[in-house]
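K.L.:
Show me how the following folds:
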Amino acid sequence: MGIRIAHISDTHLGTKPREGVKPGVWGVEMRAQLLENDFYERFSELFDRIASLNPPVNLVIHSGDLYDSPWELNPQHPPTFAEQTAVSVMKSFIEKTGIPILILEGNHGLYRNLEVSLLDLLHMTVPHLDVATNVQLKEALAKGQPLKFTYGQLDVFCFPFMEPSVLESSKLVAKFNDWVTTFQGPKSSRLSVAVAHGMIQDKSLFPNVLSMGYDYVALGHDHHQHKHSENAWYAGSSERWRFDESSHRKGFLVVDVKKGSAPVVTPQYIDYARPVKNERMTVDPADTPESLERKVLDWFAANGLRTEWKPETAARVRLMFEGNSTRVGRMDLNIMLESMRVKMLSDGSGFNVAQFVWDARQAEKERDVTAYPEIVTDYLIEDPHEDFRKFLEASKIDPGLDTKTLTQIAVKAMQMAVKREGETMSLDNYSEESAP
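P.N.:
From the prediction side, this is the model:
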């Protein structure tokens, strides 16, 4: 006897790309901006797809980051329309299917300085919707009791996002680990699933969760859908949250869990009408502002973007300029691109572009504002983790050194250099948190 689960994650309702966005365009008139609305549409699509599954699932698990804000770099309450969408979509889904939903609290949508949760309102509003919050985790730890939910033959053990530094500064690491092994252990006679929001790299995923013998571990926080271990998967995000996610296959997971065997995980993918382009463009030594402008225009034409405006298919574009020319300085390039962007995003421009941003990687480079000003993961190199790992492999270093830790420290240093001036470097704050 088994159970079937739909595993979704990192929906980030309320995300609002701002930089370089075509002005005055609504996805839902006077309620949601065009690109913001993409996240709401994907959320609705997820539940429509899950409702149509045959055979149906027994439970939907959301492994964190239902909303995009608040979080440490954006303390704002999520947009009203984000909350309305969450309530209406999930309430309609449950009324139609009778399938319960469990939502875990992640690092986004989390009030760090208040003992309240945005998810509590959902729990009170939508029947048969359960939530596992940071506040509940603290209470379970203090009282010495499990944080789990039971659905028939299935026990679901919950691990909402918890800042590792909070446990360390409170000297609760040992107590937390003891709580996990004492109260969060599965019973051999029952099916068990763990839900956690975190990653090993930033210490927000506690290793014990992966070794407790759960039949399946539903993970959130990493936006790339992938298998983490034999019985643990990241469902990934449902919409392209950053430009460097443009190549990801996104959607949700259908998981068939049976006692005594590995879970059978079937990825379900979303097809997107809106292109997201994240491309490199070379600045040659002989280039002038005029020749670079022609290169950019030719690129837009070659990618089918010099065409009439259609909101549903208008592209999001980031171009990364690499190289140097003696005749094109950083300021020249930015002035040329800014002028081009103003024309491109104006009505009747002949470009089907909803957003245009760039990154000029020249010798005297200063960081430009990225597409998401609250996100700090656009580094000086496209994939800092992979590039620095390859650098270490090619270097003659002491084989006893921990290359994973060295990579994380290097990436954190780059992050701080380009965005987080004044922050103190420590082992506690090197993190992939913003690069899920």
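
K.L.:
hey, let's count contacts and neighbours off CA atoms from now on
P.N.:
Noted.

K.L.:
What strand or helix carries Asn334?
P.N.:
Following DSSP states H and E, one finds Asn334 within helix 330-344.

K.L.:
hang on, Leu137 packs against Phe159?
P.N.:
Yes. With contact defined as C-alpha atoms under 8 Å, Leu137 counts as touching Phe159 (7.2 Å).

K.L.:
Who has more neighbours out of these two?
P.N.:
Phe159 (29 against 20; other C-alpha atoms under 10 Å).

K.L.:
Helices of the chain, start to end?
P.N.:
With DSSP state H as the criterion, the chain has helices at 34-51, 80-97, 118-125, 134-143, 164-169, 173-183, 289-302, 330-344, 384-394, 403-418.

K.L.:
so the second one versus helix 34-51, what angle?
P.N.:
For helix 80-97 and helix 34-51, the angle between their directions (axes from the mean of the first three to the mean of the last three C-alpha atoms, to 10 degrees) works out to 10 degrees.

K.L.:
Show me the contact partners of helix 80-97.
P.N.:
13-14, 31-32, 40, 43-44, 47-48, 51, 67, 99-101, 122, 125-128 (C-alpha atoms under 8 Å, 6 or more residues apart in numbering).

K.L.:
now those: which count as buried?
P.N.:
13-14, 32, 40, 43-44, 47, 51, 67, 99-101, 122, 126, 128 (16 or more other C-alpha atoms under 10 Å).

K.L.:
how close does the residue most central in space within the chain get to Leu110?
P.N.:
With distances taken as C-alpha atoms, centre = their mean, His223 lies nearest the centre of the chain, 4.2 Å away. Separation of His223 from Leu110 (C-alpha to C-alpha, to the nearest Å): 18 Å.

K.L.:
Kindly report the same for Pro207.
P.N.:
On the measure of C-alpha to C-alpha, Pro207 and Leu110 end up 22 Å apart.

K.L.:
got it, and Gly20?
P.N.:
The gap separating Gly20 from Leu110 is 28 Å, by C-alpha to C-alpha.

K.L.:
repeat for Leu118
P.N.:
In this view, Leu118 and Leu110 are 7 Å apart by C-alpha to C-alpha.

K.L.:
next one: Phe351
P.N.:
39 Å.

K.L.:
Those two: which is more packed in?
P.N.:
Neighbour tally, Phe351 and Leu110, criterion other C-alpha under 10 Å: the higher count belongs to Leu110, 28 against 22.

K.L.:
Give me the distance between stretch 82-92 and the centre of its chain.
P.N.:
20 Å (C-alpha atoms, centre = their mean, to the nearest Å).

K.L.:
Buried residues of that stretch, list them for me.
P.N.:
Using 16+ other C-alpha under 10 Å as the test for burial, stretch 82-92 gives Ala82, Glu83, Thr85, Ala86, Val87, Val89, Met90, Lys91.

K.L.:
For the helices of the chain, give me a markdown table that also has distance to Arg274.
P.N.:
Listed next are the helices of the chain as a markdown table, based on distance: least, C-alpha to C-alpha, whole Å:
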| stretch | distance to Arg274 |
| --- | --- |
| helix 34-51 | 9 |
| helix 80-97 | 20 |
| helix 118-125 | 30 |
| helix 134-143 | 35 |
| helix 164-169 | 37 |
| helix 173-183 | 43 |
| helix 289-302 | 15 |
| helix 330-344 | 17 |
| helix 384-394 | 27 |
| helix 403-418 | 29 |
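
K.L.:
so what pLDDT did Ile409 get?
P.N.:
pLDDT recorded at Ile409 is 76.

K.L.:
Next: Phe388.
P.N.:
Looking at Phe388, its pLDDT is 70.

K.L.:
Look up how far Asp222 lies from it.
P.N.:
For Phe388, the distance to Asp222 - C-alpha to C-alpha - is 19 Å.

K.L.:
Same drill for those two, tell me which one is more crowded.
P.N.:
Set Phe388 next to Asp222 and count neighbours by other C-alpha under 10 Å: Asp222 wins out with 22 against 19.

K.L.:
Would you agree that one is in contact with Ser238?
P.N.:
No. If you go by C-alpha under 8 Å, Asp222 and Ser238 don't touch, sitting 11.6 Å apart.

K.L.:
can you pull the contacts of the closest residue to Pro75 other than its chain neighbours?
P.N.:
Nearest in space to Pro75, with sequence neighbours left out and distances taken as C-alpha to C-alpha, 6 or more residues apart in numbering, is Ser69 at 6.6 Å. By C-alpha under 8 Å, 6+ apart, Ser69 lies in contact with His12, Gly14, Thr15, Pro75, Gln76, His77, Pro78, His108, Gly109, Leu110.

K.L.:
now, which of those residues lie within strands?
P.N.:
Of the positions in the contacts of Ser69, not one sits in strands, assigned by DSSP state E.

K.L.:
Drop anything exposed from those.
P.N.:
His12, Gly14, Thr15, His77, Pro78, His108, Gly109, Leu110.

K.L.:
I'd like the residues you listed as JSON lines, with distance to Arg330 and pLDDT appended.
P.N.:
Output for those, formatted as JSON lines (distance: C-alpha to C-alpha, whole Å; pLDDT from 0 to 100):
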{"residue": "His12", "distance to Arg330": "34", "pLDDT": "98"}
{"residue": "Gly14", "distance to Arg330": "34", "pLDDT": "98"}
{"residue": "Thr15", "distance to Arg330": "30", "pLDDT": "97"}
{"residue": "His77", "distance to Arg330": "37", "pLDDT": "95"}
{"residue": "Pro78", "distance to Arg330": "36", "pLDDT": "97"}
{"residue": "His108", "distance to Arg330": "35", "pLDDT": "97"}
{"residue": "Gly109", "distance to Arg330": "37", "pLDDT": "97"}
{"residue": "Leu110", "distance to Arg330": "39", "pLDDT": "95"}
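
K.L.:
Below-threshold pLDDT in the protein: ranges please.
P.N.:
For the chain, applying pLDDT under 70 flags the ranges 362-387, 389-402, 404, 414-436.
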